[in-house]
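next one to model:
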Amino acid sequence: MPYSENSHSMLVASLLATASLLTTNADNLMLWLGLYSDMSFPRVDLHNKTVIVTGANSGIGYECARAFAGMGARVVLACRNTTKGEEARRKIVADTGNDAVETEMLDCCSFENVKKFLERWEQRESKQVDILVNNAGGLTSTVAITPDGFEQTYQANHLAHVLLTISLLNRSHMSPDARIVSVSSVGFYASDPLDATNTDASDLLAKYNGKIGAPVSFGDMMQLYVRSKAAQALWTMTLQRYLSQTERWKGISVHSCHPGTVKSSIWSQPDGAGSMVSRAGDLFKAFARTFGITNEQGAVVPVWLATASQPASPELRGMYWDRLSWKWVRPWSMETKRQTELWEKWCEDAQTSLVL
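Residues are numbered from 1 along each chain as shown. Next up is the predicted model:
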């Protein structure tokens, strides 16, 4: 894996990360000018393969699920809202002709709900998972605490997927050459450097005295979001490092990605960005509307990571990707000691541990 705190000086690593971020921003302009063609993924045969996509009832998750179903996979739509999930299932079946599409209840704001999902999975005749796309999540414009006692963005976007993924691994349900893809964000670059004291957002919550329902500023809302996305990327690097050291899981590929700036409903949700009234917020939402790509295009990178041969190469596993290319990341995120300390914090918070 090209990421290594020992391979580059702090200055060089910082310059490489800045160059990657500038490239992403330039890509947005090139897309708007119509100078880029649409991305695509390979049409591979996924018959007899099982795929789980979290948050699959709409947006990028829906388009990922539709793409996998179109390749013949058995696809499980893991959704908080099963009514919307069932509507999505019917549309995917009608569109692809693949009736091996199912809906399962999965609420990432509840560890109990995630554990119930896992219990139901344990009762299945076929338990193997070949592709797992950790996509569910969102952002909130108020101080929101889950029943498990964590800031909602932190748990829904990150911790719940830590619990889900590690549990599937520990139960030997991931296939030997499985792909695990976490939908992160270019916001990773804007995150404060994470450590065991701030990854749970306790420092930001303290500004509002932990008052549930208190409106948060646009800047704090976005910092909550980008920290959770940075957590996904760091966790991906760390998970791949651990898996690659084992005989049992050395064939598994783990990746995180920026799907692109997408014209997604996440920016109009009434309990999230849609309710924010601020100049910065309005400018950001206008940017997404102007430069954003479709959900279908937003699904290309995660689907490509789950199906193409290139990202399964041992030297490219554990990477952060954008527009089908791996990108340099912030130097602090490559520090092995930091990754290990955060891993321990995330496992403790998610009430799990990886059995190596």
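
Ser126 belongs to a strand?
No. In this structure, Ser126 is coil, not part of a strand, as judged by DSSP: H, G, I helix; E, B strand; the rest coil.

that one and Val114: what is the separation?
Shown here: Ser126 relative to Val114, a distance of 20 Å by C-beta to C-beta, to the nearest Å. The way it works is simple: take the backbone N, C-alpha and C, and place the C-beta from them, glycine included.

which of those two has more neighbours?
Applying other C-beta atoms under 10 Å to Ser126 and Val114 shows that Val114 carries more neighbours, namely 27 against 9.

identify the bridge partners of Ser182.
Asn134, Ser256 (DSSP bridges).

count of neighbours near it?
The number of residues near Ser182, taken as other C-beta under 10 Å, comes to 29.

okay, it: pLDDT?
With respect to pLDDT, Ser182 has a value of 99.

and what of Ala67?
99.

now swap in Arg279 and tell me
pLDDT, read off for Arg279, is 67.

ok, the closest residue to Phe111 other than its chain neighbours to Cys109 distance?
Leaving aside its chain neighbours, Phe111 sits nearest to Asp148 (5.0 Å; criterion: C-beta to C-beta, 6 or more residues apart in numbering). Noted for Asp148: a distance of 8 Å to Cys109, by C-beta to C-beta.

what touches both of the two?
Both Asp148 and Cys109 are contacted by Gln155, under the criterion C-beta atoms under 8 Å, 6 or more residues apart in numbering.

of the two, which one has the most company?
Cys109 (21 against 17).

pretty sure the more buried one is in contact with Thr146, am I right?
Yes. Between Cys109 and Thr146 there is a contact under C-beta atoms under 8 Å: 4.7 Å.

list residues touching both of the two?
With C-beta under 8 Å, 6+ apart, Cys109 and Thr146 have common neighbours 152, 155-156.

what does stretch 194-208 contact?
So stretch 194-208 is in contact with 143, 150-151, 153-154, 192, 214, 216, 220, 223-224, 227, 230-231, 234, 332-333, 338, 341-342, 344-346, 349, going by C-beta under 8 Å, 6+ apart.

same deal with stretch 161-171?
The contact list for stretch 161-171 (C-beta under 8 Å, 6+ apart) reads 54, 106, 108, 111, 114-115, 117-118, 121-122, 127, 129, 132, 134, 136, 174, 180, 182, 232, 235, 239, 243, 249, 346-347, 350-355.

now, those residues that are in helices?
Under the assignment DSSP state H, those contribute 111, 114-115, 117-118, 121-122, 232, 235, 239, 243, 346-347 to helices.

report the buried members of those residues.
For the ones in helices among the contacts of stretch 161-171, a neighbour count by 16 or more other C-beta atoms under 10 Å gives the buried set as 111, 114, 117-118, 121, 232, 235, 239, 243, 346-347.

format these as a markdown table; extra columns: pLDDT and distance to Leu164.
Output for these, formatted as a markdown table (pLDDT from 0 to 100; distance: C-beta to C-beta, whole Å):
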| residue | pLDDT | distance to Leu164 |
| --- | --- | --- |
| Phe111 | 99 | 10 |
| Val114 | 99 | 6 |
| Phe117 | 99 | 7 |
| Leu118 | 99 | 7 |
| Trp121 | 98 | 10 |
| Gln232 | 99 | 13 |
| Trp235 | 99 | 12 |
| Leu239 | 99 | 12 |
| Leu243 | 98 | 16 |
| Trp346 | 99 | 13 |
| Cys347 | 99 | 13 |
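
now the residues you listed in a markdown table, with distance to Ala73?
Shown next, in a markdown table, are these (distance: C-beta to C-beta, whole Å):
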| residue | distance to Ala73 |
| --- | --- |
| Phe111 | 28 |
| Val114 | 22 |
| Phe117 | 19 |
| Leu118 | 20 |
| Trp121 | 16 |
| Gln232 | 23 |
| Trp235 | 25 |
| Leu239 | 23 |
| Leu243 | 22 |
| Trp346 | 29 |
| Cys347 | 30 |
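
just give me the closest of the residues you listed to Gln297.
Gln232 (20.4 Å; C-beta to C-beta).

distance-wise, check that closest one relative to Ala156.
12 Å.

repeat that for Ile252.
On the measure of C-beta to C-beta, Ile252 and Ala156 end up 24 Å apart.

which one's more surrounded, the two?
Comparing Ile252 with Ala156 by other C-beta under 10 Å, the one with more neighbours is Ala156, at 26 against 22.

what's near enough to touch Asn81?
Here Asn81 is in contact with Asn57 (criterion: C-beta under 8 Å, 6+ apart).

for it, grab phi and psi.
Phi and psi for Asn81, reported as degrees, to the nearest 10, are phi -100, psi 100.

circling back: as CSV, the shared contacts of Cys109 and Thr146 with pLDDT, distance to Gly70 and secondary structure would be great.
Shown next, in CSV, are these (pLDDT from 0 to 100; distance: C-beta to C-beta, whole Å; DSSP: H, G, I helix; E, B strand; the rest coil):
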residue, pLDDT, distance to Gly70, secondary structure
Gln152, 98, 33, helix
Gln155, 99, 32, helix
Ala156, 98, 28, helix
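
please state the offset of stretch 67-78 from the chain centre?
18 Å (C-alpha atoms, centre = their mean, to the nearest Å).
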